[in-house]
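**Student:** okay, here's the prediction I keep looking at, along with the sequence it came from:
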Amino acid sequence: QVLLRESGGGLVQAGDSLRLSCSVSGPTFNQYSLAWFRQSPGKEREFVATIGRASVVKYYGDSVKGRFTISRDNNGRTVNLQMNSLEPEDTAVYFCAGVYSRTTSPPKSAGEYTHWGQGTQVTVSS
């Protein structure tokens, strides 16, 4: 069974940085594509970033491109999201997600992910 647990959320001011981590338990971690999504009240879940099983391919949502960086540590079994230049619009619950993948190209659609964490709140004040 694959379990994901996020950590690192909190309250910050606009312009600050924050680093989210997601620990992944279960077998075949190296064969999973891993991603971050976020959701604000009244809005649909939004794609933030994803990283393929070999860390070669990474995709970012347009709203975070250039500010956020996704990485994975296969030994530590974590996927991380470094968030810089945070804006009030980044306020949301951030979810870690994973799916077993046969290719190195990770999906960007939430519907393609089979495992989800509980989420961690990020609040950016202006």
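**Tutor:** Arrived safely.

**Student:** please count neighbours and contacts with C-alpha atoms only from this point.
**Tutor:** Fine.

**Student:** isn't Glu46 right up against Arg38?
**Tutor:** Yes - here Glu46 reaches Arg38: they are 5.2 Å apart, a contact under CA atoms under 8 Å.

**Student:** the two: which has the busier surroundings?
**Tutor:** Each of Glu46 and Arg38 has its neighbours counted (other CA atoms under 10 Å); Arg38 has more, 22 against 19.

**Student:** let me see the contact set for that one.
**Tutor:** 45-48, 92-95 (CA atoms under 8 Å, 6 or more residues apart in numbering).

**Student:** so Gly15, which of the three states?
**Tutor:** Here Gly15 is recorded as coil under DSSP: H, G, I helix; E, B strand; the rest coil.

**Student:** count of neighbours near it?
**Tutor:** Quick note: Gly15 (other CA under 10 Å) scores 14 neighbours.

**Student:** tell me which element the most centrally placed residue in the chain is part of?
**Tutor:** By CA atoms, centre = their mean, the chain has its centre lying nearest to Trp36, at 2.1 Å. If you go by DSSP states H and E, Trp36 is part of strand 32-39.

**Student:** for the following helix or strand past that strand, name the packing helices and strands.
**Tutor:** Downstream of strand 32-39, the next assigned helix or strand under DSSP H and E is strand 46-51. Secondary-structure packing of strand 46-51 (3 or more CA pairs under 8 Å, 6 or more residues apart in numbering; DSSP states H and E): strand 32-39, strand 58-60, strand 68-73.

**Student:** redo that, cut-off 6 Å
**Tutor:** The contact analysis (3 or more CA pairs under 6 Å, 6 or more residues apart in numbering; DSSP states H and E) places strand 46-51 against strand 32-39, strand 58-60.

**Student:** what residues does it touch?
**Tutor:** Contact with strand 46-51 is made by 33-38, 57-61, as judged by CA atoms under 6 Å, 6 or more residues apart in numbering.

**Student:** how about a cut-off of 7 Å?
**Tutor:** The contact list for strand 46-51, computed with CA atoms under 7 Å, 6 or more residues apart in numbering, reads 33-39, 57-61, 64, 70, 106, 108.
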